[in-house]
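Engineer: Give me a model of this one.
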Amino acid sequence: MAVAGLCGLWYGGGMARQLRHHTAGGWYHITARGMGRRAIFGGDRDREHFVELLAEMAGRYGVVLHAYVLMENHYHLLIETPHANANRALRWLNVSCAAWFNAKHRRSRKRLSGK
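Structural biologist: Predicted structure coming up:
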């Protein structure tokens, strides 16, 4: 399952995705990758800031972050949502990441594609 948002995430496939049901206590594997499979992190500081945003997302939305992997052009998260709010939390994460990256690099385009 991938989540839409932030830097321009893309969820593959030619078929429409199934409706995502969010439940209290749900566990989700989230993936997001750069538009056109481009890099989403410009360097170590971008990665560090993303990890800071992950911590802030967990505090803000009560999401439990069990694991994460940051790759050059995508990331993976394993989250638990005690409050059934994965969409809101991930939207905030992706928008916050994109805004910071675009301001830092003086860009205005979408970074991630996804759903």
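Engineer: Quickly find the element holding the residue nearest the centre of the chain.
Structural biologist: Central residue of the chain (CA atoms, centre = their mean): N94, 4.9 Å from the mean position. Using DSSP states H and E, N94 sits within helix 86-105.
Engineer: Now do the helices in this protein.
Structural biologist: In the chain, the helices defined using DSSP state H lie at 44-61, 86-105.
Engineer: Please tabulate those helices in JSON lines and include mean pLDDT and distance to Y68 as additional columns.
Structural biologist: The C-beta positions use only the backbone N, C-alpha and C, and glycine is treated the same way. Below are these laid out as JSON lines (pLDDT from 0 to 100; distance: least, CB to CB, whole Å):
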{"stretch": "helix 44-61", "mean pLDDT": "97", "distance to Y68": "6"}
{"stretch": "helix 86-105", "mean pLDDT": "90", "distance to Y68": "11"}
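Engineer: Could you dump these into JSON lines and include distance to G26?
Structural biologist: JSON lines is the format used below for those (distance: least, CB to CB, whole Å):
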{"stretch": "helix 44-61", "distance to G26": "13"}
{"stretch": "helix 86-105", "distance to G26": "7"}
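Engineer: Packed most tightly, which of those helices would that be?
Structural biologist: For these, the largest average neighbour count (mean count of other CB atoms under 10 Å) is found in helix 86-105, namely a mean of 18.
Engineer: list the helices and strands that helix packs on?
Structural biologist: If you count contacts as 3 or more CB pairs under 8 Å, 6 or more residues apart in numbering; DSSP states H and E, helix 86-105 packs onto strand 7-9, strand 26-34, helix 44-61, strand 74-81, strand 111-113.
Engineer: can I get the ones you listed in JSON lines with distance to A99?
Structural biologist: As requested, the helices and strands packed on helix 86-105 are exported to JSON lines (distance: least, CB to CB, whole Å):
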{"stretch": "strand 7-9", "distance to A99": "10"}
{"stretch": "strand 26-34", "distance to A99": "15"}
{"stretch": "helix 44-61", "distance to A99": "10"}
{"stretch": "strand 74-81", "distance to A99": "17"}
{"stretch": "strand 111-113", "distance to A99": "10"}
